[in-house]
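In: Have a look at this prediction, sequence included:
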There are 2 protein chains.
Amino acid sequence: MAERAQRKIPDSSRRSERSRRAIHEAALALIGEVGYAKTTIEGIAARAGVGKQTIYRWWPSKAAVLLEAFLDLTGEAAGAGEVGGEGESESEAYAIPDTGDLEADLKLVLRATVDQMNDPRFDVPSRALAAEGIVNLELGTEFVRKLLEPQLQLYVRRLTAAQATEAGGVRRGVDPRIALELLVGPVTHRWMLRTAPLTHEYTDAVVEYALYGLAPRP
Amino acid sequence: MAERAQRKIPDSSRRSERSRRAIHEAALALIGEVGYAKTTIEGIAARAGVGKQTIYRWWPSKAAVLLEAFLDLTGEAAGAGEVGGEGESESEAYAIPDTGDLEADLKLVLRATVDQMNDPRFDVPSRALAAEGIVNLELGTEFVRKLLEPQLQLYVRRLTAAQATEAGGVRRGVDPRIALELLVGPVTHRWMLRTAPLTHEYTDAVVEYALYGLAPRP
């Protein structure tokens, strides 16, 4: 502890990391409070306690700051799970666990997803971003491409792996890119529209219904 | 025709109906163009060519005008389907068809749903409303209660009816209120987030996956 207190020499890489995080947090807080349209680079800079030139030096636009802030936010949550090797990119670093039990793996992931949706630190800025993306084609498209679709591809990979083995739990002929929407769609629908509470009982039921179907089994 | 042209005597109920429709159309057009926050009673009145007192006489608030306009909009589309008797309320007047073939009935309804989502007259104002509802708890709650939940209850009724008969197509133990979300959730997710095209092939696959499950059948 004494040693730490003595380290007063400025460390520029550490200071940058601190600024980066402060800027991300300011961006997420602001979009949650005033919405996307009224969030400005100036506002983010003032809240983060940095000059606006600092932001302009690192990011080309408000959308770019927010994109990175959301990647950071969702990455932090996903980081509790699997972490890949050094050489991998950020989106490759996370995966849906594959214990061989697809039902258990999907239940785990969807429980974690609704825990995140029920956390105001995620919920408030994410709602503001989603609301803007719904009416703003350009922003919506960019965020889906860079933020949402890589997450959906984790399901594609897990479902494709399941399909490749006899006891994997997904029948042939099923398109994994559509199949994942039976898991993610209901949960997102309930989150966005607040039709009913997002509980673990709910996500467990969604996984069971999606895997085994609503029709009676022959 | 000649007879019609002679009817120049003002008919107040017909004139009211015309005003009501003009106000609905103006409200939907405005929310689509400027968003919920910037849509005002004054703006709706000006666009509809009526005095703002006309609107205040019939509706207590902007939200109430929009709610009725959306009920009208979705009712028009649903009106192509089944229409109930005189004594029934508006929400009871529509139902998901029950031909005894659940798969066919659900495919029909979801195809019609995405046709509507792909129609700019529905898409543009509905996006604006959804965007506001996501960040505005009060409005979101009211619109879900009055507009969305009654539509979801049509699925509950159809799935419950299917569950009541041996060959109905839904196994016992399935909660219809959750089951419907495996149909509506994926479609709404794709619509709101524009992750991929909303086609009939897609909705047919969603129905098949939801009914028969992703897991191999024993």
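Out: Yep, it's here. Because the structure is predicted, anything quoted here is derived from the model rather than measured.
In: Show me what stretch A:155-174 is in contact with.
Out: Outside of stretch A:155-174, the residues within contact range by C-beta atoms under 8 Å, 6 or more residues apart in numbering or on different chains are A:95-96, A:98, A:100-103, A:105-106, A:176-177, A:179-180, A:183-184, A:211, B:209, B:214-217. The C-beta positions use only the backbone N, C-alpha and C, and glycine is treated the same way.
In: Most proximal residue of chain A with respect to chain B?
Out: Residue nearest to chain B within chain A: residue A:213 (2.9 Å; C-beta to the nearest C-beta).
In: tell me the contacts of that residue?
Out: B:209, B:210, B:211, B:212, B:213, B:214, B:215.
In: Apply 7 Å and report the result again.
Out: By C-beta atoms under 7 Å, 6 or more residues apart in numbering or on different chains, the contact list for residue A:213 reads B:210, B:211, B:212, B:213.
In: How about residue A:149?
Out: Neighbour list for residue A:149: residue B:195 [criterion: C-beta under 7 Å, 6+ apart].
In: Could you rerun that using 10 Å?
Out: Residues near residue A:149 by C-beta atoms under 10 Å, 6 or more residues apart in numbering or on different chains: A:91, A:143, A:156, A:177, B:193, B:195, B:196.
In: Can you say which helix or strand has the most centrally placed residue in chain A in it?
Out: Chain A has residue A:74 as the residue nearest its centroid, 3.5 Å off, counting by C-alpha atoms, centre = their mean. Assessed by DSSP states H and E, residue A:74 sits inside helix A:62-78.
In: can I get the CA coordinates of the next helix or strand after that helix in CSV?
Out: Downstream of helix A:62-78, the next assigned helix or strand under DSSP H and E is helix A:102-117. Provided in CSV are the C-alpha atoms of helix A:102-117 (Å, rounded to 0.1, in the frame of the first residue of the first chain):
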residue,chain,number,x,y,z
LEU,A,102,-27.4,-27.7,-24.9
GLU,A,103,-30.4,-27.1,-22.7
ALA,A,104,-28.3,-26.3,-19.7
ASP,A,105,-25.9,-24.1,-21.6
LEU,A,106,-28.7,-22.1,-23.2
LYS,A,107,-30.5,-21.7,-19.8
LEU,A,108,-27.3,-20.4,-18.3
VAL,A,109,-26.7,-17.8,-21.0
LEU,A,110,-30.3,-16.6,-21.1
ARG,A,111,-30.4,-16.3,-17.3
ALA,A,112,-27.3,-14.2,-17.4
THR,A,113,-28.9,-12.1,-20.3
VAL,A,114,-32.0,-11.2,-18.2
ASP,A,115,-29.9,-10.5,-15.2
GLN,A,116,-28.1,-7.9,-17.3
MET,A,117,-31.4,-6.6,-18.7
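In: buried stuff in helix A:102-117?
Out: A:102, A:105-114, A:116-117 (16 or more other C-beta atoms under 10 Å in any protein chain shown).
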